[in-house]
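**Student:** Need a 3D model of the following:
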Amino acid sequence: MNLAQTRLNRAAWIFAAVLLILLGAACAPSAPSAAVAAPQTQARFSPLRVAAPDCSYGGSIQVIEALDEHTVHFRLCSPEPAFLQKIAVPVFSILDSEYIDDKIGSSELISLKPSGTGPYRLVERVRGRSVRLEKNPTYWGIPPRLDTITLTWQPTGADRVRALTGHSVDLADQPDTADYKTVESDKDLRLVERQPLNLVYIGMKSNVRPFNDADVRRALALAIDRQNIVLQYFPPGSQVAEQVVPPSVQPGYTRDVLWYDYLPVQSQTLLTVLKFDLNTSLTLTYSSEPMTYLSNPEEVARKIQQDLAVVGVKVELQPMPLKEFKQAVNSGEAAFYLDELTAEYADASAFYNPLFLDPVRFLGDPDGDLQAAVRNASNNPDSLARQSYYDQANQLLYRKVSIIPIGHAASAMVFRNVVENVLPGPMNENFTEISTISDTLAFAQTGEPLSLWPGDEEDLNSWRVGQLLYDTLVRYDYGSTRIVPSLAESWESNATMTDWTFYLRYDVTFHDGRTLDANDVVASFAAMWNASDPYHLGRSGKFAIFKRFFGNFVNIK
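**Tutor:** Sure, this is the predicted structure:
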């Protein structure tokens, strides 16, 4: 049955039922009368289906359908080797289809009383201050150890560490690098690092002089002491970047391709051979505010300025507020800039595709050879073939110096000794396994969740609370990027990775007591994918992550 028609039928049925109740109340006799209960019959499951007429609409999904109560099928328009990694992101958490109807797909209404299948449920949300959660007594998985979790937020790493030392929180995310020594010297505090899944890099527009010459870009790369930058300004555990992806990302990382060493003499010689005009002044644009993984862009920009001054290249610094900086980069206004990329899912395509395939030309004119290698790598279902194409891409990047990779920035969590078993991963944290003496936890994160429903959100703080309230079909294992079962206890795909079938767990209940079935999965995805769905609302209505992962919406009017 068509999902939109189902919703119209349901609305008509509800209207008729209400009308009958009102008429019955008006005609009811004054004295009670005996009634014979109608026999209870189990409602017949009517599977939902949403489909695009064909794949010409610009997206990568063609069909989402329930095959039976516990089986969901996705047909894609092209191979998606990172499909599991994408749908493991909290954006794709599952809501009950009737609950979506109740809340008309509004993130605001959903946030008032969230109903997921996750390990925790909402107790209280005080805007601007805190979110308090309690253990879900009907959780389908291993029960979480903590009875309650209270999430608060402070704007800086120093503020979060002060909250720890003042005992107002037990666990804090992302302390500033400058606070690591404070943590190490405090016997009551412990620090644990998470594996980096990001890239800090220098971008250059290839269609703006002097960056239109690959040899000039190479000379600049030889002049920048990347190892010194990472050692001085990045958190401990960070890695000097040899390529776009860190070595842990496979397929993706090429083991025999290493970036240029710091060789200022060779840089100066090359600039002389190229007759580079040393009277030219380059403008380096960067954020004047801390970024997700680059807490001190100003200091790093000044170090780049100093390194290039050694070889005679003048650099003017242009700081901008973070929002303005991002707009300048994305619009192509910034020709030479210091930026970071955070992988939104755990696959090499989350690095290469945004940099080299997206239509925004913030690196100048697209490089056809590089784009072909990246596209072939991201769409190939064979892991060995994918690695071969990424090898080509990494060799091209080395030769053409499309960007200058600086480092993969580590981050950490800090906690008091009353907290045990903290394991932050690159994609999540193991809150269900954490324990304390009091069975309660006060946690400080970097900002307030924009919503308690992550379907229309891009910020990590909304994703984090989403992981506690809801479940996805599959999820990332704690402390790693490995995919493990969640609401789907198993799945399979065809050889080309264009057809994916998921087999749901039985007897999973939402916080409001409703039972999970395959229609809930279809309805949850349809609210994001189908622009004509009456519940395609969210918070902003942009559903930006869905569009970045799967292309265009279907049924755009």
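**Student:** all helices of the stretch 251-400 of the chain, in order?
**Tutor:** 264-273, 297-310, 322-331, 349-356, 368-379, 383-400 (DSSP state H, counting those that start in this stretch).
**Student:** by contact count, what packs against the fourth one?
**Tutor:** Put plainly, it is helix 349-356. Under the contact criterion of 3 or more Cβ pairs under 8 Å, 6 or more residues apart in numbering; DSSP states H and E, helix 349-356 touches strand 336-342, helix 368-379, helix 383-400. Every C-beta, even on glycine, is put in place using the N, C-alpha and C of the backbone.
**Student:** circling back to that earlier point, hey, which of the helices of the stretch 251-400 of the chain is tucked in deepest?
**Tutor:** Among these, helix 349-356 has the highest mean neighbour count (mean count of other Cβ atoms under 10 Å), at a mean of 22.
**Student:** what residues does that helix touch?
**Tutor:** Applying Cβ atoms under 8 Å, 6 or more residues apart in numbering, the external contacts of helix 349-356 come out as 82, 85, 199, 244-245, 249, 252, 341, 343-344, 363, 366-367, 370-371, 374, 377-378, 390, 393, 402-403, 548.
**Student:** Quick check: which ranges of the protein have low pLDDT?
**Tutor:** 1-43, 359-360 (pLDDT under 70).
**Student:** Per the annotation, how does it divide into domains?
**Tutor:** 45-109+472-550, 111-195+411-469, 198-408 (automatic domain parsing).
**Student:** Which one of those lies nearest to Lys557?
**Tutor:** domain 45-109+472-550 (6.4 Å; Cβ to Cβ).
**Student:** what's the first-to-last distance across the closest one?
**Tutor:** 29 Å (Cα to Cα, to the nearest Å).
**Student:** what's near enough to touch Asp147?
**Tutor:** Glu134, Lys135, Asp439, Thr440.
**Student:** Please, where are all the strands along the stretch 101-250 of the chain?
**Tutor:** Applying DSSP state E, counting those that start in this stretch to the stretch 101-250 of the chain gives strands spanning 120-126, 130-135, 148-153, 171-173, 189-194, 198-204, 239-240.
**Student:** meant to ask about the stretch 351-500 of the chain, not that
**Tutor:** Going by DSSP E, counting those that start in this stretch, the stretch 351-500 of the chain shows strands at 403-408, 411-416, 419-420, 435-436, 440-445, 474-476, 483-485, 488-493, 499-504.
**Student:** Show me the contact partners of the fifth one.
**Tutor:** With Cβ under 8 Å, 6+ apart as the contact definition, strand 440-445 has outside contacts at 146-154, 160, 163-164, 168-173, 419, 431, 434, 461, 464.
**Student:** which among the residues you listed end up buried?
**Tutor:** Among the contacts of strand 440-445, those classed as buried by neighbour count (16 or more other Cβ atoms under 10 Å) are 146, 149-154, 160, 163-164, 169-173, 419, 431, 434, 461, 464.
**Student:** My read is that Thr280 contacts Leu220, right?
**Tutor:** No. In this structure Thr280 lies outside contact range of Leu220 using Cβ atoms under 8 Å: 12.0 Å.
**Student:** intersection of neighbour lists for those two?
**Tutor:** By Cβ under 8 Å, 6+ apart, the residues touching both Thr280 and Leu220 are Val313.
**Student:** who's more crowded, those two?
**Tutor:** Set side by side, Thr280 and Leu220 show more neighbours around Leu220, with 28 against 10, by other Cβ atoms under 10 Å.
**Student:** if we can go back for a sec, for the strands of the stretch 351-500 of the chain, please prepare JSON lines with the additional fields distance to Lys314.
**Tutor:** Below are the strands of the stretch 351-500 of the chain laid out as JSON lines (distance: least, Cβ to Cβ, whole Å):
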{"stretch": "strand 403-408", "distance to Lys314": "18"}
{"stretch": "strand 411-416", "distance to Lys314": "34"}
{"stretch": "strand 419-420", "distance to Lys314": "50"}
{"stretch": "strand 435-436", "distance to Lys314": "55"}
{"stretch": "strand 440-445", "distance to Lys314": "41"}
{"stretch": "strand 474-476", "distance to Lys314": "45"}
{"stretch": "strand 483-485", "distance to Lys314": "49"}
{"stretch": "strand 488-493", "distance to Lys314": "54"}
{"stretch": "strand 499-504", "distance to Lys314": "54"}
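**Student:** All good on my end, thank you.
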